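Novice: the sequence and its predicted three-dimensional model are supplied below.
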Amino acid sequence: MARLIPCLLLLVLVSACGRRRAKEADPPRFERLEVPAAHTVGVVDDYHGTKVADPYRWMEEDGADLQAWIEAQNTRTRAFLDAGSARERIRRRYEKLVNFERFGVPTKEGGLYFWERNDGLQDHSVLYVGDSPDGEGRVLLDPNGWSEDKTVSLAEYWPSPDGKLLAYGLSRGGLDWREFKVLDVESGQDLVADHLKWIKFSDALWSANSRGFFYLRLPEPEEGKEKSGLSTAYRVYYHRIGTPQESDTLVYERPDKPEWRLYPFITDDRRWLGVWVQQLGTINNGIFFKDLETDGPFVEVLKTFDARYIPFGNDGSTFFFLTDLDAPNMRIVAIDLARPEREAWREIVPEDDRYAIRDASLIGGRIVLHYLKRAHSTLEVYGLDGSFQGEVPLPGLGTVAGIRGKANDPEMLFAFTTFFSPGTPHACDLASGKLRAIRTPEVNFDPAKFEAKQIVYRSRDGTRVTMFLTHRKGLQLDGSNPCFLYGYGGFNAAETPFYSTARIVWMEMGGVWAMPNLRGGGEYGRAWHEGGMREKKQNVFDDFIAAAEGLIHNGYTRSDKLAIQGGSNGGLLVGACMTQRPELFGACLPEVGVMDMLRFHKFTVGQSWVAEYGSSDDPRMFPVLLAYSPYHNIRDGVSYPPTMVMTADHDDRVVPAHSYKFAARLQAAQGGDAPILIRVETKAGHGAGRPISMVIDEVADTYAFLARALRIDVPRRLR
């Protein structure tokens, strides 16, 4: 199997001041497609004395006109994608490649293991339970029969401490809203009384006696506002098994702090209920604790919002925190609730000024630190006194995810993935250091035909940025290769090696796949994140544009063969870059993107993003946001590259109005003959919970679009 080459190769890029266009073939010509009518309205907003028009404001409200527009757009897009035979060939190949067994990381409670398994083409993974993580087990929940159209999915699950009950969350149509139910593990039957609604971003936090759980609930939204209304008034409740939701006990709320968002958690010993407090407008947080043994009040242990504090375990009343206080790459400190004053804190593991700690766990009386080193995972083990005990021998250069384990049990469970191997569940005995793969997925392609490497390039301001590249071995650097450039760059998210069946299909089509580690991400600590947020958001776009220029300059591709794609905050990235440098790209795929930077905070959980982006309500941030907001920076008469905007009608995180407005404005402004399409998935949300059949169709549509836009000659037989 091809191995990831360390960060050795330095690309020499054209400087920002001397940008030049790479030599290209004649741009593709497309037959003009009739654009479905989208009327405009005379809405003009006044932002601190600046008038800004919003001609497609009507698309923020569902109605007959909008539904007719969506239907017409989907019909137009369908006709474009179905032309020729490339789509069906791509679909067949992807369906064949994705047909392999996949496994989730097991959860252990009450001596039982719970895990998800998919036989390959099941629309949703099935939940199993058994006495060991690698046994056959028995089916506990099969969501494939929950709805005829397969759009109701199992979102999360939480076994009780004694293993006898299972709380689980289900999502309808991909919504972030959850319904909680409770299952009797032995009988496999739901408990009738335990059906909870209007839950979002919450776990079921079982009490020690398994008689109930804590959870986060939001007020029921107004009728018609379920998918777009602001999510506010966070409240923590306790649900007692066998009772209706109306009788649940309110445990914590802060009506005096409407700017706070509350996220509850519980310690392994079930003694302490904690609340993570996010204050809108900052990435810092506070932490409050309640002693469940004494049922005393919440103690505001960390309330100054001066840093990020991530609790990950406790030894009695001593808590261990991962924090970036005075440590941009994070460090570990211990705080005793009996003496919470700062001068009594103990530093357990100091900051490493080279590498960032991604997360931390307390398992088997040891601290496990997940570091990112050059944007890939390593695991190091420490004693509770900070003594280094060794490194977990990971099977290659890749990414660790889903670490699970108990403070009093040395067994650590996690998944490991690389560019060419799917997520594989592993078990590690921290006492002996023995590591084993629990179940190994068997892919049906030859990884030896492909290679991956990590390179370094320079952005506009000279900052060194790393980028992963994957492609067939023996690639000719003659500029003729289609290239898929993917990015995110925000919210401290780390873009590290991961397996993608869709990427395999792209490389079989002769394509190069590239993923830069943009500023705004979490690969290199807090400074890297802050270097791409708020006033510095343009750095993210500059990093992405420099990646594109570098790929062209070094012969990997050329502009008319270069596609860019990103979702959510990555959709914003694509929208901003294609409006700033439309001539640089051959095709654009902004997916579920944040496109209206002046109004994002007025919908669902958008207020939580103010810390990352700033807000148009702030006179200092308004001009910054206006300068790059994709919707507001479309210019009439410009020749924009072929574009397929992608969204879903049930997206209640980034509401689809962002994409509707952006697509309508782009179609009206287009000065060239390249198609501007929008693909609206129905009964789907921000991405999670989609049936595999829907995923297969989306991949086929994406590559069919790129095959036409980039003029790719798709082989008759992909392999």
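Specialist: Structure's in. What do you need? Numbers count the residues shown, from 1 in each chain.
Novice: so how far is stretch 501-513 from its chain's centroid?
Specialist: Using Cα atoms, centre = their mean, to the nearest Å, we find the averaged C-alpha position of stretch 501-513 to lie 21 Å away from the chain's own average C-alpha position.
Novice: now that stretch: average pLDDT?
Specialist: Model confidence over stretch 501-513 averages 97 on the pLDDT scale.
Novice: would you mind listing the buried residues in stretch 367-386?
Specialist: By neighbour count, with 16 or more other Cβ atoms under 10 Å as the criterion, the buried positions of stretch 367-386 are 367-372, 374-382, 384. C-beta here means a position set from N, CA and C on the backbone, and glycine is covered the same way.
Novice: I should have written stretch 305-315 there, sorry.
Specialist: Within stretch 305-315, the residues scored as buried using 16+ other Cβ under 10 Å are Phe305, Ala307, Arg308, Tyr309, Ile310, Pro311, Phe312, Gly313, Asn314.
Novice: of the residues you listed, closest to Ser615?
Specialist: Compare each of the buried residues of stretch 305-315 with Ser615 using Cβ to Cβ and the shortest gap goes to Phe305, at 17.4 Å.
Novice: skipping adjacent residues, who's closest to that closest one in space?
Specialist: In space, not counting the residues next to it along the chain, Phe305 is nearest to Asn284; the distance is 4.5 Å by Cβ to Cβ, 6 or more residues apart in numbering.
Novice: that neighbour contacts Arg308, correct?
Specialist: Yes - when contacts are counted by Cβ atoms under 8 Å, Asn284 is listed as touching Arg308 (5.8 Å).
Novice: now the helices: where do they sit in this structure?
Specialist: Counting by DSSP state H, one finds helices in the chain at the ranges 64-82, 86-97, 501-508, 526-530, 538-553, 569-580, 610-613, 622-628, 657-669, 692-709.
Novice: got the CA coordinates for the shortest one in CSV?
Specialist: Included here for helix 610-613 are C-alpha records, laid out as CSV according to Å, rounded to 0.1, in the frame of the first residue of the first chain:
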residue,chain,number,x,y,z
VAL,A,610,-20.3,34.8,15.4
ALA,A,611,-17.2,33.8,17.3
GLU,A,612,-15.7,32.5,14.1
TYR,A,613,-16.9,35.1,11.6
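Novice: got the contact list for it?
Specialist: With contacts defined as Cβ atoms under 8 Å, 6 or more residues apart in numbering, helix 610-613 is touched by 278, 280-283, 490-491, 533-534, 537, 569, 594, 597, 600-601, 621, 625.
Novice: now with 6 Å, please.
Specialist: Contacts of helix 610-613 with the rest of the structure, by Cβ atoms under 6 Å, 6 or more residues apart in numbering, involve Leu280, Gly281, Thr282, Ile283, Phe491, Met533, His601.
Novice: in ChimeraX, how would I select the buried members of those?
Specialist: Filtering the contacts of helix 610-613 down to the buried ones (16+ other Cβ under 10 Å) takes a single ChimeraX command:
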select :280,281,283,491,533,601
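Novice: let's have the contacts of helix 610-613 in JSON lines, adding pLDDT and distance to Asp542.
Specialist: Written out in JSON lines, the entries for the contacts of helix 610-613 read as follows (pLDDT from 0 to 100; distance: Cβ to Cβ, whole Å):
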{"residue": "Leu280", "pLDDT": "89", "distance to Asp542": "28"}
{"residue": "Gly281", "pLDDT": "90", "distance to Asp542": "25"}
{"residue": "Thr282", "pLDDT": "94", "distance to Asp542": "25"}
{"residue": "Ile283", "pLDDT": "96", "distance to Asp542": "21"}
{"residue": "Phe491", "pLDDT": "98", "distance to Asp542": "18"}
{"residue": "Met533", "pLDDT": "98", "distance to Asp542": "14"}
{"residue": "His601", "pLDDT": "97", "distance to Asp542": "25"}
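Novice: now render the buried residues of stretch 305-315 as a markdown table, adding distance to Tyr556 and pLDDT.
Specialist: Putting those into a markdown table (distance: Cβ to Cβ, whole Å; pLDDT from 0 to 100) gives the following:
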| residue | distance to Tyr556 | pLDDT |
| --- | --- | --- |
| Phe305 | 44 | 96 |
| Ala307 | 40 | 97 |
| Arg308 | 37 | 98 |
| Tyr309 | 42 | 98 |
| Ile310 | 38 | 98 |
| Pro311 | 44 | 97 |
| Phe312 | 41 | 98 |
| Gly313 | 45 | 97 |
| Asn314 | 50 | 97 |
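Novice: buried sites along stretch 551-564?
Specialist: 551-554, 556-564.
Novice: over to stretch 643-660?
Specialist: Of the residues in stretch 643-660, those buried under the neighbour-count criterion (16+ other Cβ under 10 Å) are 643-660.
Novice: then stretch 45-56?
Specialist: By neighbour count on 16+ other Cβ under 10 Å, the buried set for stretch 45-56 is Asp54, Pro55, Tyr56.
Novice: looking at those, which one is closest to Pro516?
Specialist: For Pro516, the nearest member of those is Tyr56. The distance, counting by Cβ to Cβ, is 31.6 Å.
Novice: contacting residues around that closest one?
Specialist: Taking Cβ under 6 Å, 6+ apart as the criterion, Tyr56 is in contact with Lys661, Ala664.
Novice: now it: how far from Glu681?
Specialist: Distance check for Tyr56 against Glu681: by Cβ to Cβ, to the nearest Å, it reads 20 Å.
Novice: one more: Cys588?
Specialist: Counting by Cβ to Cβ, the gap between Cys588 and Glu681 amounts to 18 Å.
Novice: likewise for Asn284?
Specialist: Between Asn284 and Glu681 the distance is 36 Å, computed by Cβ to Cβ.
Novice: between these two, who's got more neighbours?
Specialist: Glu681 (23 against 18; other Cβ atoms under 10 Å).
Novice: check what pLDDT the more buried one gets.
Specialist: Looking at Glu681, its pLDDT stands at 95.
Novice: I figured it hits Met646, correct?
Specialist: No - distance between Glu681 and Met646: 7.6 Å, which falls outside the contact criterion (Cβ atoms under 6 Å).
Novice: what residues go with each domain of the protein?
Specialist: Taking automatic domain parsing as the reference, the chain has its domains at 41-96+445-709, 355-443.
Novice: residues in contact with the residue most central in space within the chain?
Specialist: Computing the C-alpha centroid of the chain and ranking residues by Cα atoms, centre = their mean puts Ala493 first, at 7.5 Å. Residues near Ala493 by Cβ under 6 Å, 6+ apart: Gly521, Gly522.
Novice: how much space between it and Ser568?
Specialist: Applying Cβ to Cβ, the value for Ala493 to Ser568 is 10 Å.
Novice: next, the buried residues of the lengthiest strand in the chain.
Specialist: Using DSSP state E to assign secondary structure, the strand with the most residues in the chain is strand 189-199. Counting neighbours by 16+ other Cβ under 10 Å, one finds that the buried residues in strand 189-199 are Asp194, Leu196, Ile199.
Novice: for it, name the packing helices and strands.
Specialist: In terms of contacts (3 or more Cβ pairs under 6 Å, 6 or more residues apart in numbering; DSSP states H and E), strand 189-199 is packed against strand 178-184.
Novice: what is the strand it packs on packed up against?
Specialist: strand 165-172, strand 189-199.
Novice: now do the first one against strand 189-199, angle only.
Specialist: Looking back up the chat, that one is strand 165-172. With axes from the mean of the first three to the mean of the last three Cα atoms, to 10 degrees as the basis, strand 165-172 and strand 189-199 are set at 50 degrees to each other.
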